[in-house]
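Novice: This is a predicted model, with the sequence first.
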Amino acid sequence: MLFVQDQDGEYRPAPKELVLTEANKLSGYQLRRGSLILSAECAKTVIGYKLRGKQNEIFACLFLDSQHRILAFKEMFIGSINKATVHPREIVKEALQLNAAAVILAHNHPSGGSQPSDHDIFLTKTLEDILKVIDVRILDHLVVGDEVTAFSDLGLLEK
C-alpha cells in the first residue's frame with residue numbers, strides 16, 4: 001500500500017491513479033538505455049507495467065546489446081481490441097538501426113488472458129527464423145494480460 005501526505009499532514013492511502021502513474025515512471029526508469037536486463041522476471045515486471053491495461057493490442061520490442069543492456073523499448077505496432085498486425089520487416093529495420101544483438105518481444109491481450117495463441121507461437125517462430133539471419137536472438141516473448149506469460153517458461157523458444 002502506498003500512502004501520501006495530505007495538506008493537513010495526515011497520511012492516507014494513495015489513489016489508484018497516482019499509484020499507476022508512479023509505477024509507469026518507475027518502469028520507464030527501469031527501461032532506460034543502458035539498464036541491464038538480468039532475468040526473465042525483471043523483463044516480465046517492467047514490460048508488464050508498460051503494456052497491462054491498454055485497450056488496444058500493442059506489439060512491442062525491447063532491443064538489447066550483446067551484454068543484455070537496453071538499447072530501446074519500442075511500441076512497434078498498435079492494433080484493435082484483439083489483434084495487431086506485425087510486420088517483421090519493421091522489426092528487422094529497427095534491430096539493424098539500433099545494432100541490437102537480442103530482442104525481447106512482448107504484446108498485450110486487452111481481454112486479460114495471457115496464454116499465447118497459435119498465431120502468437122507461429123509469429124514468434126517466423127520472427128526467430130528471420131532475425132537469425134541478421135544474428136539477432138529472441139530471448140523471450142511475453143504475453144501481458146492480468147498475468148505475464150513468458151514463452152521461455154513454456155519451452156516455446158529455441159535454445
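Specialist: Structure received. Numbering: from 1, shown residues only.
Novice: Where does pLDDT dip in this protein?
Specialist: Applying pLDDT under 70 to the chain flags residues 19-30.
Novice: where exactly do the strands run in it?
Specialist: Applying DSSP state E to the chain gives strands spanning 3-5, 11-13, 58-64, 70-78, 102-108, 137-144, 148-150.
Novice: Next, format those strands as TSV and append mean neighbour count and distance to G34.
Specialist: C-beta here means a position set from N, CA and C on the backbone, and glycine is covered the same way. Listed next are the strands of the chain as TSV, based on neighbours: other C-beta atoms under 10 Å; distance: least, C-beta to C-beta, whole Å:
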stretch	mean neighbour count	distance to G34
strand 3-5	11	31
strand 11-13	10	35
strand 58-64	23	11
strand 70-78	17	6
strand 102-108	25	15
strand 137-144	22	17
strand 148-150	21	23
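Novice: Which of those strands sits closest to E158?
Specialist: Closest to E158 of those is strand 137-144 (C-beta to C-beta; 8.1 Å).
Novice: List of residues touching that closest one?
Specialist: Residues from elsewhere that reach strand 137-144 (C-beta atoms under 8 Å, 6 or more residues apart in numbering): 40, 43-44, 47-48, 51-52, 64, 68, 101-109, 114-116, 120, 124, 127-128, 131, 148-152, 156-157.
Novice: Partner strands of that strand, with direction?
Specialist: Sheet neighbours of strand 137-144, with direction, are listed as strand 102-108 (parallel), strand 148-150 (antiparallel) (DSSP bridges).
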